[in-house]
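Asks: kindly generate the corresponding structure for this input.
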Amino acid sequence: MPLVNFSNLDFDQVKTTLTDYIQSNSNFTDYDFQGSNLSTIIDLLAYNTYITSYNASMVASEVFIDSATLRENVVSLARNIGYVPRSKKAARATVSFSIDTTGITPTPSTLTLEAGPVVSSSSTFGSQSYIFSILEDITVPINNGIAEFNNISVYEGTILTKNFTFDTRNVNQKFILPNAGVDNDLISVKVRGSQQATASVTYKLQDSLFDIDSTSNVYYIQEIEDERYQIFFGDGVFGKKLEENNFINIKYLVTNGDSANGVNSFVFNGNITYVRDGVGYTVTSGISLITTELNSSGGESIESVDSVKKYAPKIYASQNRCLTANDYESLIPSRIYPETESISVFGGEEMIPPQYGKVFISIKPKTGDFIPNLIKENIKLKLKKYAVAGIIPEILDLKYLFLEIDSKIYYNSNLASSSAHVSSLVQNNANKYAESSEMNKYGARFKYSKFLKVIDDSADAVTSNITTVTMRRDLRVVLNSWAEYSIGFGNAFHIKSMDGYNIKSSAFKISGIQDDVYLSDIPNTNRTSGSIFLFTVPTINSTTPSIIRRNVGTIDYVNGIITLNPINIQSGMIKDGQTIIEIGVSPSSNDVVGLQDLYLQLDIAKSNFEMVIDEIASGLDPSASNYIVSSSYPNGTLVRSGGRTQ
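Replies: Numbers count the residues shown, from 1 in each chain. From the prediction side, this is the model:
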């Protein structure tokens, strides 16, 4: 009987297969395989087969980037297709301080802040203190006895130096930085003719073979084992080749990454010097307190294994050029703006109306809600290396599409200690869903049925729920100026009534009208479009509105777009220091999507979770005579709260 092919790695089945094979041999027909010494031999063979099969399976898995688990293997496979994982990024802060030199002798004409540590966190931040450094000396003049170091960018971490001497006889010579936690963006490489030479040439990091020749002073970098990095230089074709006895000085910064974000208080920890008549002096007095201009931010951990496995094949597929939306979505987070948390890219032909020849990019940064204009311009400048000529990239500000929930939650009072306890469980689970990866990204979809299940499964006492969904956009307005506004929701609107009042807004004031006014709509008979009007109400809960101005704009129910004709808005709601008008509307489908540049968020703070005793399940009303009915199509008040001045 031949040995059968093993179909799994189970030890017992391997042993059984070996036993069956030996039993089939006539020489072993009288053996007791459970108690004889042969049983021990079979165990050893089975263990050996099991371990060998397991190792073979693991080795085979580590050969492919999508199944590899060890970082060294994933990085090595990514390197084969030209991808260098992102390194740790040092948190950056901006500080200022001054030095009074009136008491310093001899009197200096300039002061130099030496490269290295400059400031440290003034107290323990989190579980440790952090040192912030600069890579190059900074020299400032002295005016009226005061030397001012203004808006100095400092980076969290310690600066280290590694020197090498190039030896042509050592064919296996490698230039390896021995520390983990290096920020690749803050590496300084300088090459001298020899160790005794004084003149040096600065080499720049290059991540491709484009735009370089045999004289280009560039270096390349790759990650090796233990999250360390290896520097290597050109070969005389792609980059200048090193010569015998060239002395290489590498200065780099080792950082703690994202753990140093948020430091806002510093103390001076640097070294200030000056030279007078050929003699060097160190300044230790007259140093003012440190002023923090910008809190530390931008620190990042090294790129994770999952991220490398995700982006490396995409970068390889894009071949370092931006042709499709996927190319932009891969290149920007990996090569241009690593602080990207989520990104959405779409062509101008998808806009309403179309804008041909443009590609629109919306980025959610890891810190904050909006990207500064300077960074936007920098991203567009870097994109020129990858984008096709004639295609103009436009970076859009982040736009939030908020979802508000109104839920009537029925519960069995016999299974609940209190309604507050059940309500707390429901809201905690709703918060978890709101913070999940399903929501906080571009292209997200609010899954209505899944959310209902989240509510139902929150507690055994919950018997059912009646839940409605409202979409909200915050329209940012320009005060005391005539302006036209257009705001899109990316989802079709539901028309609850042909008599109007399907959309609801917060209060605001316009020129020429004393009272607070609100926006609402009247659908046309085609049920695809309508007009916008302004009205007033005596109180928030009033059902007797007074229309004061008609045809102030239009509404597209199918595409979910509200457009206002030129209007002079004088006041409104204040949110984060910005004047806004909240506009809410019911979606045509309860499964709401974040279309294009809309960033979907479930706003639990403005949602309502109302507990209702299920008297049928609780046994209080078996006949359902007094059952409390909750409408699945409530319309509520005509306006949203907020913004009123009276």
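Asks: which residues in the stretch 51-200 of the chain form strands?
Replies: Assigned by DSSP state E, counting those that start in this stretch, the stretch 51-200 of the chain shows strands spanning 92-100, 110-113, 116-121, 131-134, 138-143, 146-156, 158-165, 175-177, 188-192, 200-205.
Asks: strand partners of the last one, parallel vs antiparallel please.
Replies: Strand partners for strand 200-205, identified by DSSP bridges, are recorded as strand 188-192 (antiparallel), strand 218-223 (parallel).
Asks: figure out how far the shortest one is from the centre of its chain.
Replies: This means strand 188-192. 34 Å (CA atoms, centre = their mean, to the nearest Å).
Asks: and residue 275, what does it touch?
Replies: residue 281 (CB atoms under 8 Å, 6 or more residues apart in numbering). (C-beta placed from N, C-alpha, C; glycine too.)
Asks: related to what we said a few turns ago, which of the strands paired with strand 200-205 sits closest to residue 547?
Replies: Minimum separation from residue 547 across the strands paired with strand 200-205 (CB to CB) falls at strand 218-223, 66.0 Å.
Asks: who wins for proximity to residue 229 among the strands of the stretch 51-200 of the chain?
Replies: Smallest distance to residue 229 across the strands of the stretch 51-200 of the chain (CB to CB): 5.0 Å, for strand 175-177.
Asks: what's the mean pLDDT across the closest one?
Replies: Mean pLDDT, computed over strand 175-177, is 93.
Asks: mind listing what it pairs with, with the direction of each?
Replies: Strand 175-177 pairs in its sheet with strand 229-233 (antiparallel), by DSSP bridges.
Asks: verify the stated contact: residue 467 with residue 454.
Replies: No. Counting by CB atoms under 8 Å, residue 467 stays clear of residue 454, with 10.2 Å between them.
Asks: how about the contacts made by the nearest residue to residue 617 once chain neighbours are set aside?
Replies: Leaving aside its sequence neighbours, residue 617 sits nearest to residue 412 (CB to CB, 6 or more residues apart in numbering; 4.4 Å). Contacts of residue 412 were listed using CB under 8 Å, 6+ apart, and they are 461, 463, 614, 617, 618.
Asks: give me the neighbour count for residue 496.
Replies: Residue 496 has 15 neighbours, counted by other CB atoms under 10 Å.
Asks: so it makes contact with residue 504?
Replies: No. Assessed by CB under 8 Å, residue 496 is found out of contact with residue 504, at 10.9 Å.
Asks: returning to what we had before: mind checking how far the residue nearest to residue 617 is from residue 406?
Replies: Distance, residue 412 to residue 406, by CB to CB, to the nearest Å: 22 Å.
Asks: now the helices for the chain?
Replies: 11-23, 37-62, 71-80, 305-318, 325-331, 373-383, 419-434, 448-456 (DSSP state H).
Asks: mind pulling up the pLDDT for residue 146?
Replies: pLDDT for residue 146: 90.
Asks: by mean pLDDT, flag the weakest helix or strand of this protein.
Replies: The helix or strand of the chain with the poorest confidence is helix 11-23; it has a mean of 70 (mean pLDDT, DSSP states H and E).
Asks: low pLDDT regions in this structure?
Replies: Scanning the chain for pLDDT under 70 picks out the ranges 1-9, 11, 21-38, 123-127, 352, 367-369, 623-625, 645-646.
Asks: and the longest strand for it?
Replies: Ordering each strand of the chain by length in residues (DSSP state E) puts strand 462-476 first.
Asks: now that strand and helix 419-434, what's the angle there?
Replies: Interaxial angle, strand 462-476 versus helix 419-434 (axes from the mean of the first three to the mean of the last three CA atoms, to 10 degrees): 50 degrees.
Asks: direction included, what does strand 462-476 pair against?
Replies: According to DSSP bridges, strand 462-476 forms sheet pairs with strand 399-411 (antiparallel), strand 578-585 (antiparallel).
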